[in-house]
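Asks: curious how this folds, go ahead:
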Amino acid sequence: MTTAVLTPPPAVPTTPTLPAVQQALTLAWRNVVKIRKQPEALMDVSLQPIIFTVLFVFVFGGAIAGDWRDYLTYLVPGILVQTLMFATQGIGVALNNDIAKGVFDRFRSLPIARSAPLVGAVLSDVVRYVTSMTVLLAFAVALGFRTTQGLPAAALAVLVALAFAMCLSWVFVWIGLTVRSAGAVQGVGFLATFPLTFGSTALVQADTLPGWLQAFTRNNPVTHLIDTVRGLLLGGPVAEPLAWTAGWAALLLAVFVPLAMRAYRRRV
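Replies: Have a look, this model is predicted:
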């Protein structure tokens with residue numbers, strides 16, 4: 001009797017998976033391509049800073065500062081941060097829509113890191129933030145705004161605001177993965193951002209507010225960011241508000257990145 005010798009099948013060559021960072025960058029580029037094909041997706045972050053600047057400078061500027069040009073100088077750092085705060089909500093809406101359409105079901109079938117789709121979405125949202133700040137600063141310069149601290153300090157102000165916005169966006173990533181509809185994401189987002197943006201030094205100095213509101217305003221993370229940007233653009237204390245801003249940014253990452261990842265695993 002002969003014994004059959006079983007030989008293992010030849011190994012199927014496999015392609016090594018890309019590193020997690022490269023996977024995230026690839027998915028980020030996917031989102032950027034979508035924006036290139038649908039430039040109207042940038043309409044909100046392009047028009048909103050102009051509308052807010054015109055509204056507050058020309059409607060309220062004379063009453064608040066006596067002259068709209070003086071108020072423009074004070075307002076620009078606040079509007080820059082304010083428009084970024086509102087722009088971060090877009091990532092939650094986009095993720096909620098992608099999940100509803102089954103896009104993330106396809107991602108789950110790919111040999112990629114679980115974090116890659118979320119990190120890619122955050123990285124691609126930088127296009128929205130940069131567009132918002134570019135439009136605002138160009139419009140403000142056209143109206144007469146000038147930085148007094150030089151271009152390096154102005155560039156640092158933009159980078160600090162951009163970094164904080166990316167950290168804050170994880171809050172809306174979590175919200176977008178938690179609530180059931182895109183409309184709910186917007187509703188929850190506005191409830192969260194309105195008290196923080198308008199209860200800050202974006203529009204007026206904290207000294208002009210009632211005592212109970214001053215306490216909230218002075219400890220508001222948005223106030224710390226605005227004071228940092230204002231100091232870098234126009235002069236003033238920077239070290240202390242920058243330290244507070246860095247601390248708040250680190251706290252946002254430490255809390256909401258794990259929450260977003262857990263919500264993502266449960267949702268998809």
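
Asks: how many other residues sit next to residue 97?
Replies: 14 (other Cβ atoms under 10 Å). Where you see a C-beta, it was placed from the backbone N, CA and C, and this is true even at glycine.

Asks: er, residue 224 actually
Replies: Residue 224, neighbours per other Cβ under 10 Å, totals 24.

Asks: for it, give me its contacts.
Replies: 241, 244-245, 248 (Cβ atoms under 8 Å, 6 or more residues apart in numbering).

Asks: same thing but 10 Å
Replies: By Cβ atoms under 10 Å, 6 or more residues apart in numbering, the residues touching residue 224 are 164, 200-201, 218, 240-249.

Asks: which regions of this structure sit below the pLDDT cut-off?
Replies: 1-18, 268 (pLDDT under 70).

Asks: the host helix or strand of residue 44 packs against which elements?
Replies: Residue 44 belongs to helix 43-54 when assigned by DSSP states H and E. Packed against helix 43-54 by the contact rule (3 or more Cβ pairs under 10 Å, 6 or more residues apart in numbering; DSSP states H and E) you find helix 68-87, helix 89-101, helix 126-143.

Asks: what's the closest of those helices to residue 230?
Replies: helix 68-87 (4.0 Å; Cβ to Cβ).

Asks: now that closest one, how far from the centre of its chain.
Replies: Relative to its chain's centre, helix 68-87 lies at 16 Å (Cα atoms, centre = their mean, to the nearest Å).

Asks: for the closest residue to residue 46 other than its chain neighbours, what are its contacts?
Replies: Taking Cβ to Cβ, 6 or more residues apart in numbering, and ignoring the residues beside it in sequence, residue 46 has residue 135 as its nearest neighbour in space, at 5.2 Å. By Cβ under 10 Å, 6+ apart, residue 135 lies in contact with 42, 45-50, 53, 83.

Asks: these two touch, right, residue 180 and residue 188?
Replies: No - contact criterion Cβ atoms under 10 Å: residue 180 and residue 188 do not qualify, at 11.1 Å.

Asks: more neighbours, those two?
Replies: Just comparing residue 180 and residue 188: by other Cβ under 10 Å the higher neighbour count belongs to residue 188, 18 against 9.

Asks: state the distance from the more buried one to residue 178.
Replies: 9 Å (Cβ to Cβ, to the nearest Å).

Asks: who touches both of the two?
Replies: residue 92.

Asks: determine the angle, from 0 to 180 degrees, between the helix holding residue 44 and helix 68-87.
Replies: 150 degrees (axes from the mean of the first three to the mean of the last three Cα atoms, to 10 degrees).

Asks: who's in contact with the helix or strand following helix 43-54?
Replies: Using DSSP H and E, the helix or strand that directly follows helix 43-54 along the chain is helix 61-65. The contact list for helix 61-65, computed with Cβ under 10 Å, 6+ apart, reads 53, 55-57, 67-75, 203-205, 208.

Asks: and with 8 Å instead?
Replies: 67-68, 70-72, 74-75, 203-204.

Asks: mind checking which of those are buried?
Replies: 68, 71-72, 74-75, 203-204 (16 or more other Cβ atoms under 10 Å).

Asks: mind putting those in TSV, distance to residue 256 included?
Replies: What follows is the buried ones among the contacts of helix 61-65, written out as TSV (distance: Cβ to Cβ, whole Å):
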residue	distance to residue 256
68	38
71	35
72	34
74	31
75	29
203	27
204	29
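
Asks: from these, which is closest to residue 102?
Replies: Of the buried ones among the contacts of helix 61-65, the one sitting nearest to residue 102 (Cβ to Cβ) turns out to be residue 203, at 42.5 Å.
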